[in-house]
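K.L.:
this one's sequence-less:
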């Protein structure tokens, strides 16, 4: 790459405009290319200097505006906008992707198996097949049963624990979108904690930081089994880095 292309790559990296793959490759380059790393450091120092100068100008303008004509507030507003823009520019990078955090924290909750009372014979038979396959970690079989029997139209007839098994099986099969659709209705059941934890893992898996943080808030408010883990994950989701 020529000098201009490198500068463009550095700006895209700092602005968080790269794809996850590009970020990963760029970070790998930073680990092996000391010159590139120094260039990124220098760029960040320059941005930080601009931020400090903008802050100083904003403070001086605010003080001066107390003694000058009201129209001068337009200039103050412009300076503050510049200050805010630089601030956003500097703080746009997160240290970890949600998917990286998922890899560290994902775990399958222990789910007590329901007895399946009060369900029809046909549903009970299918329910037992799903439970058996799940307990043998045959996640593909579980998802195939779900699709073959068109359970999406009958899913409410199954015990909540079995529906959790189905959601977990989709997660294990890397079919996260399907898992989310199965798990979302379960947050209003006695298995709320398990469902929310699994949804948090799903949103981290697909790199949806905003939705992951929303679920973190709900888990903290529940003050249950996953509260401490949710607090730790929240810190990681919000943690920033320069490079």
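P.N.:
Arrived safely. The shown structure was predicted, so the numbers you read here are calculated from the model rather than taken from an experiment.
K.L.:
when you work out contacts or count neighbours from here on, use the C-alpha atoms and nothing else.
P.N.:
Will do.
K.L.:
apart from its neighbours in sequence, what residue is nearest the residue nearest in space to the middle of the chain?
P.N.:
Of all residues in the chain, the one closest to the mean position by Cα atoms, centre = their mean is residue 209, 2.7 Å from it. Closest residue in space to residue 209, ignoring its immediate chain neighbours: residue 98 at 6.1 Å, by Cα to Cα, 6 or more residues apart in numbering.
K.L.:
show me the helices in the chain, by range?
P.N.:
Per DSSP state H, the chain carries helices over the ranges 3-14, 20-32, 34-65, 73-90, 98-105, 121-135, 139-148, 160-172, 176-183, 192-205, 209-222, 227-238.
K.L.:
circling back: which residues sit in contact with the residue nearest to the centre of the chain?
P.N.:
Applying Cα atoms under 8 Å, 6 or more residues apart in numbering to residue 209 gives the contacts 98, 203, 237.
K.L.:
reformat those as CSV; add neighbour count and distance to residue 131.
P.N.:
Listed next are the contacts of residue 209 as CSV, based on neighbours: other Cα atoms under 10 Å; distance: Cα to Cα, whole Å:
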residue, neighbour count, distance to residue 131
98, 25, 30
203, 23, 25
237, 21, 34
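K.L.:
just give me the closest of the residues you listed to residue 147.
P.N.:
If you rank those by distance to residue 147 using Cα to Cα, residue 203 comes first, at 22.8 Å.
K.L.:
what is the burial count for the closest residue to the closest one other than its chain neighbours?
P.N.:
Excluding the flanking residues, the one nearest residue 203 by Cα to Cα, 6+ apart is residue 212, at 5.3 Å. The local packing of residue 212 (other Cα atoms under 10 Å) involves 25 other residues.
K.L.:
repeat for the one 10 residues further on
P.N.:
Using other Cα under 10 Å, residue 222 has 13 other residues around it.
K.L.:
over to residue 121?
P.N.:
Taking other Cα under 10 Å as the criterion, the count of residues near residue 121 is 9.
K.L.:
any low-confidence regions in the chain?
P.N.:
Applying pLDDT under 70 to the chain flags residues 47-92, 114-117, 149, 241-243.
K.L.:
if we go to 90?
P.N.:
By pLDDT under 90, the low-scoring segments of the chain are 1-97, 100, 103-104, 112-124, 147-157, 236, 238-243.
K.L.:
what residues of stretch 227-243 count as buried?
P.N.:
227, 230, 233-234, 236-238, 243 (16 or more other Cα atoms under 10 Å).
K.L.:
so what's the gap between it and the chain middle?
P.N.:
Distance, stretch centre to chain centre, for stretch 227-243: 10 Å (Cα atoms, centre = their mean, to the nearest Å).
K.L.:
again with stretch 176-194
P.N.:
How far stretch 176-194 lies from its chain's middle: 17 Å, per Cα atoms, centre = their mean.
K.L.:
show me the one of the helices of the chain that comes nearest residue 112.
P.N.:
helix 160-172 (7.1 Å).
K.L.:
and the angle for the closest one with helix 192-205?
P.N.:
Here helix 160-172 runs at an angle of 10 degrees relative to helix 192-205 (axes from the mean of the first three to the mean of the last three Cα atoms, to 10 degrees).
K.L.:
between helix 139-148 and helix 160-172, find me the angle.
P.N.:
Counting by the same axes, to 10 degrees, helix 160-172 points 110 degrees away from the direction of helix 139-148.
K.L.:
begin at 30 from here
P.N.:
Fine by me, first position is 30 from now on; the one you just mentioned is helix 189-201.
K.L.:
ok, and what's touching helix 189-201?
P.N.:
Under Cα under 8 Å, 6+ apart, the answer for helix 189-201 is 137, 140-143, 156, 159-160, 163, 168-169, 171-172, 175, 184, 205, 207-209, 211-212, 215, 218, 220, 224, 227, 231.
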